[in-house]
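*Asks:* Mind folding the following:
(one chain, ligands or ions: 1)
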Amino acid sequence: MSQGGTPFLKMHGLGNDFVVLDLRAHPLALSPERVRALADRRTGIGCDQLITIEPPRDRGVAFMGIRNADGSVVESCGNATRCVGAVLLAETGLATLNLESLGGPLVVERAENGLVCVDMGPARLAWDAIPLAHPQDTLALDLSVGPLSAPSAVSMGNPHAVFVVDDVDAIDLPTWGPTVEHHALFPRRTNVEIIQARADGSVRMRVWERGVGMTRACGTGACAALVTAVRRGLVPERKAPVDLDGGRLWIEWRESDGHVRMTGPATRVFSGVLDPETGS
Ligand SMILES: N[C@H](CCC[C@H](N)C(=O)O)C(=O)O
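*Replies:* Numbers count the residues shown, from 1 in each chain. Have a look, this model is predicted:
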């Protein structure tokens, strides 16, 4: 492998996986084509999102860049925030730190049992904050696609359409997800979640991610799911475990400031160096 390549880490949060490029000492131009090539699971390293760690732009320890597998640059990624947060907590020895993203400032803390807790900022519920193409009540949108109808819309810096269903395993999300993702109601497309409330107070969720497709977990989606469950009166408290295909996240929607806190694992898989010639 040639010298001077860009170091990377392969990481995941509950199976939602990332190639994390540390660009702080190794600037690298990332065209959408290059992102798609790196994310390709057949010919590239393979990941749901390409994540960059960049020098801070304001008061954080670093800036985190987020690119979906289709090459789109997006605002927020909860699972990647825990992963990058874990890297920076270990690097700095801090117990809590500020991380910057396009979706806004994030606060990352060490939690018990090796987990990572992130203050994902406020849930945004206004129609033009999602954004939607025209004014609507975000608690229940005037939208039906196949067996899915009347989702709630929530932004965690990125858009989410959350459908409440009786049984998430009875919905063919790979079929209906893309139709919702690209619906004209969402000028920036949307992530698509289906959720069901359980008798034990937990929430079960599956997700079709904007710019990726089906993933095993979505941290911002889990935040949007809990916010929707609270708004719809489906859970007894403003906090609940959210069970995704890849595992469990603990989510709380704080009443005092409307911020959403997410706690869960961050897993490092392997490290490497990108070849500067081939970029992979
Ligand atoms: N697909 C999302 C970005 C990644 C979100 C997800 N991986 C998470 O953990 O929050 C979007 O286009 O907004």
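*Asks:* For the stretch 51-200 of the chain, which segments count as helices?
*Replies:* Along the stretch 51-200 of the chain, counting by DSSP state H, counting those that start in this stretch, helices occupy 78-92, 173-181.
*Asks:* ok, and what's touching the last one?
*Replies:* The contact list for helix 173-181, computed with C-beta atoms under 8 Å, 6 or more residues apart in numbering, reads 143, 145-148, 151, 161, 186, 189-192, 194, 206-208, 210, 213-214. Where you see a C-beta, it was placed from the backbone N, CA and C, and this is true even at glycine.
*Asks:* closest one to the ligand among the helices of the stretch 51-200 of the chain?
*Replies:* helix 78-92 (3.5 Å; C-beta to the nearest ligand atom).
*Asks:* Only the buried residues of stretch 82-90, if you could.
*Replies:* Arg82, Cys83, Val84, Gly85, Ala86, Val87, Leu88, Leu89 (16 or more other C-beta atoms under 10 Å).
*Asks:* rewinding a little: so which of the contacts of helix 173-181 belong to strands?
*Replies:* Val145, Leu148, Ala161, Asn191, Val192, Ile194, Arg206, Val207, Trp208, Gly213, Met214 (DSSP state E).
*Asks:* hmm, back to that, would you mind giving the buried residues of stretch 82-90 as a markdown table with distance to the ligand added?
*Replies:* Listed next are the buried residues of stretch 82-90 as a markdown table, based on distance: C-beta to the nearest ligand atom, whole Å:
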| residue | distance to the ligand |
| --- | --- |
| Arg82 | 8 |
| Cys83 | 9 |
| Val84 | 11 |
| Gly85 | 12 |
| Ala86 | 14 |
| Val87 | 16 |
| Leu88 | 17 |
| Leu89 | 18 |
